[in-house]
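coords please:
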Amino acid sequence: MPVSRQEFRDAMARLGAAVNIITTDGVTGKGGITATAVCSVTDDPATLLVCLNRTSPRSALFLANGVLCVNTLAAGQQGVSDAFSAPSGALDMAARFAAGAWTNLVTGAPALDGAAASFDCRITEVMEQGTHSVVFASVEAVRFADMQAGCLMYYARGYHGLPVATA
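Next comes the predicted model:
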């Protein structure tokens with residue numbers, strides 16, 4: 001018998017993950033979401049896997065634009081995460097982007113200044129699984145901040161700044 005949805009969600013709350021703002025810009029517009037479902041697939045060629053909830057009205061922007069930037073947040077950037085995870089209708093997209101400073105790398109998808117790392121990508125493949133689109137994205141450019149910034153983690157349904165370990 002499979003586990004219940006709630007049991008699964010409670011177990012996943014114990015899986016710490018980096019907090020990311022996934023952004024896009026292109027012919028269908030500019031958008032972004034907060035996500036933890038991001039991982040490396042391979043380094044040759046550099047590829048990420050990003051999961052997008054298909055029920056989110058913003059998910060279609062990513063697929064139509066064909067580009068995205070995974071911005072892994074530094075420890076002090078919780079405010080940016082809060083802006084992008086606010087419920088639809090709570091903030092317009094311009095107000096969400098006003099929570100940070102942005103530049104562009106190669107694809108035109110916004111890269112967050114001061115992020116622990118930004119991975120500028122083109123979408124190469126999309127698979128549908130349950131409620132999500134599983135997106136494979138080829139990394140075209142990276143930018144990263146000083147390691148001293150640490151990173152922002154999500155664990156036990158809360159934010160935690162992860163400092164850099166000292167020897």
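
can you give me the strands for the protein?
Secondary structure of the chain (DSSP state E): strands at 17-18, 20-24, 31-35, 38-43, 46-53, 67-72, 102-104, 110-112, 117-129, 132-144, 151-155, 158-162.

Residue 120: neighbour count?
As a burial measure, residue 120 scores 24 neighbours (other CB atoms under 10 Å). All C-beta spots, glycine's among them, are computed from the backbone N, C-alpha and C.

Pipe the strands of the chain into JSON lines and attach distance to residue 81 and mean pLDDT per row.
Shown next, in JSON lines, are the strands of the chain (distance: least, CB to CB, whole Å; pLDDT from 0 to 100):
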{"stretch": "strand 17-18", "distance to residue 81": "11", "mean pLDDT": "95"}
{"stretch": "strand 20-24", "distance to residue 81": "7", "mean pLDDT": "98"}
{"stretch": "strand 31-35", "distance to residue 81": "5", "mean pLDDT": "95"}
{"stretch": "strand 38-43", "distance to residue 81": "13", "mean pLDDT": "96"}
{"stretch": "strand 46-53", "distance to residue 81": "16", "mean pLDDT": "97"}
{"stretch": "strand 67-72", "distance to residue 81": "10", "mean pLDDT": "98"}
{"stretch": "strand 102-104", "distance to residue 81": "15", "mean pLDDT": "98"}
{"stretch": "strand 110-112", "distance to residue 81": "10", "mean pLDDT": "98"}
{"stretch": "strand 117-129", "distance to residue 81": "15", "mean pLDDT": "97"}
{"stretch": "strand 132-144", "distance to residue 81": "18", "mean pLDDT": "97"}
{"stretch": "strand 151-155", "distance to residue 81": "7", "mean pLDDT": "95"}
{"stretch": "strand 158-162", "distance to residue 81": "7", "mean pLDDT": "91"}
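
Of those, which stretch is the most buried?
strand 20-24 (a mean of 29; mean count of other CB atoms under 10 Å).

That one packs against which elements?
strand 31-35, helix 59-65, strand 67-72, helix 78-85, strand 110-112 (3 or more CB pairs under 8 Å, 6 or more residues apart in numbering; DSSP states H and E).

which one of the ones you listed lies closest to residue 41?
The minimum distance between residue 41 and the helices and strands packed on strand 20-24 falls on strand 67-72, with 12.2 Å, by CB to CB.
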